[in-house]
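Engineer: could you look at this predicted model? Sequence included:
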Amino acid sequence: MALFTVTTPFNIDLEFSLAAFHKRMFAWLIDLLVIFIYCYIMLFFIYKNLVADFSWREQARDNVQSVLVLFTVSIPVMLYHLLFEVFMNGRSPGKWFLGIKVMNREGASATLSQLLLRWILCLPNYFLILVIWAYSPSYLLLIAIVLGIAALPDIISIAVSAKSQRLGDLAAGTVVVDTRYHMDIAETIYVEVAQEGYQPLYPQVLKLTDRDINGIRNLLTGKMSKESENYIYRVAYRIEEVLQIKMNGEPVAFLQTLLKDYNYLTQNKGAADKF
């Protein structure tokens, strides 16, 4: 699962899960279906019955219908994603259903200008108007293919960018995240430590940050190889130098002790104050 970390002004790291490509694709297809149903109801039920109920001249009827289609179908379809993302805090109906949303790279809600820029730079938005000419559900597949071709630059951008950003996201400084992701406690820096009688060996570990400790944890829980073993040794000796302490035992045991000491001292403020 692709993650990215945001450091807040309070020096607290927040971790977010980037939305998987398949979730973004299904959200987009759901939105396309919503647009199609809306257009189908407006054009073939409401307008058809509305115009039929009045005795219009043919020219006047066509003019009225064109105006109605422009303001209640064409424009809403074009602005569909922008309007929903503005008023639903970065979500469209499809994104809401799949549990994903647009946010900025600082971990806050995307601003209006950011949502506007990513909407402008989304080429498929300019082809959504084709849904108006989908006179039967069978046309929806053909339109989806056209929109898929228009989306190719964005698909390539999502595949090659570090944070799975399409072109509009790169320009606007936004990302699409999975709001249903919940970090398991095993993925955090938490280590269970016996509270009674535990004596931390390295109280200097409090000079390290949560990010440093998280890096140590990732190093110890990763797949062990000759290269990673050498890297553990270099990290252990570097920490020994920075904290000005003497390593007691092997580098792996030393790093494991640092994790336990850090957890004990941060969970027991009274114990930490003694050092």
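Structural biologist: Alright, I've got the coordinates. Numbers count the residues shown, from 1 in each chain.
Engineer: got the buried residues for stretch 247-266?
Structural biologist: Neighbour counts using 16 or more other C-beta atoms under 10 Å place 247, 251, 254-266 of stretch 247-266 among the buried residues. Backbone N, C-alpha and C define where each C-beta goes, glycine included.
Engineer: report the two of those separated the most.
Structural biologist: P251 and T266 (22.5 Å; C-beta to C-beta).
Engineer: ok, R24 to M78 distance?
Structural biologist: 20 Å (C-beta to C-beta, to the nearest Å).
Engineer: touching, G90 and N104? I think so.
Structural biologist: No - here G90 lies out of contact with N104, judged by C-beta atoms under 8 Å, at a distance of 9.2 Å.
Engineer: what touches both of the two?
Structural biologist: Common contacts of G90 and N104 (C-beta atoms under 8 Å, 6 or more residues apart in numbering): A110.
Engineer: between these two, which has more neighbouring residues?
Structural biologist: G90 (22 against 18; other C-beta atoms under 10 Å).
Engineer: backbone phi and psi for that one, please?
Structural biologist: G90 adopts backbone torsions of phi 80, psi 10, taken as degrees, to the nearest 10.
Engineer: in strands, which of the buried residues of stretch 247-266 fall?
Structural biologist: Nothing among the buried residues of stretch 247-266 maps onto strands, per DSSP state E.
Engineer: picking up where we left off before, neighbour-wise, which of R24 and M78 wins?
Structural biologist: A count of neighbours by other C-beta under 10 Å puts R24 above the other of R24 and M78, at 22 against 16.
Engineer: who's in contact with the more buried one?
Structural biologist: 98, 100, 158, 176.
Engineer: could you check how far it is from V64?
Structural biologist: 39 Å.
Engineer: please apply the same query to E250.
Structural biologist: 84 Å.
Engineer: cool, and T221?
Structural biologist: Computed with C-beta to C-beta, the distance linking T221 and V64 is 68 Å.
Engineer: the more surrounded of the two?
Structural biologist: Ranked by neighbour count (other C-beta under 10 Å), T221 and V64 place V64 first, with 15 against 10.
Engineer: let me know the helix or strand that that one is in.
Structural biologist: V64 is part of helix 58-69, with elements assigned from DSSP states H and E.
Engineer: my read: M78 touches C122, true?
Structural biologist: No - under the criterion of C-beta under 8 Å, M78 makes no contact with C122, lying 11.1 Å away.
Engineer: any stretches of the stretch 101-250 of the chain with poor pLDDT?
Structural biologist: 134-138, 182-197, 222-223 (pLDDT under 70).
Engineer: show me where it has its helices.
Structural biologist: For the stretch 101-250 of the chain, the helices defined by DSSP state H, counting those that start in this stretch occupy 112-120, 139-150, 152-160, 167-172, 210-221, 226-243.
Engineer: now tell me what touches the first one from outside.
Structural biologist: Right, helix 112-120. 81-82, 85-86, 90, 102, 104, 110, 125, 166, 168-169, 171-174.
Engineer: 10 Å instead?
Structural biologist: Helix 112-120 has contacts (C-beta atoms under 10 Å, 6 or more residues apart in numbering) with 78-86, 90, 102-105, 109-111, 125-126, 165-174, 176.
Engineer: filter the residues you listed to the buried ones?
Structural biologist: 78, 80-82, 84-86, 90, 102-105, 110, 125, 165-170, 172-174, 176.
Engineer: quick one on the thing from earlier: tell me the mean pLDDT over the helix holding V64?
Structural biologist: On average, the pLDDT along helix 58-69 is 70.
Engineer: one more: stretch 30-50?
Structural biologist: 81.
Engineer: farthest-separated two in the contacts of R24?
Structural biologist: Longest span within these, C-beta to C-beta: L98 and I158, 15.3 Å.
Engineer: backbone dihedrals for A20, please?
Structural biologist: Dihedral angles (degrees, to the nearest 10) for A20: phi -70, psi 150.
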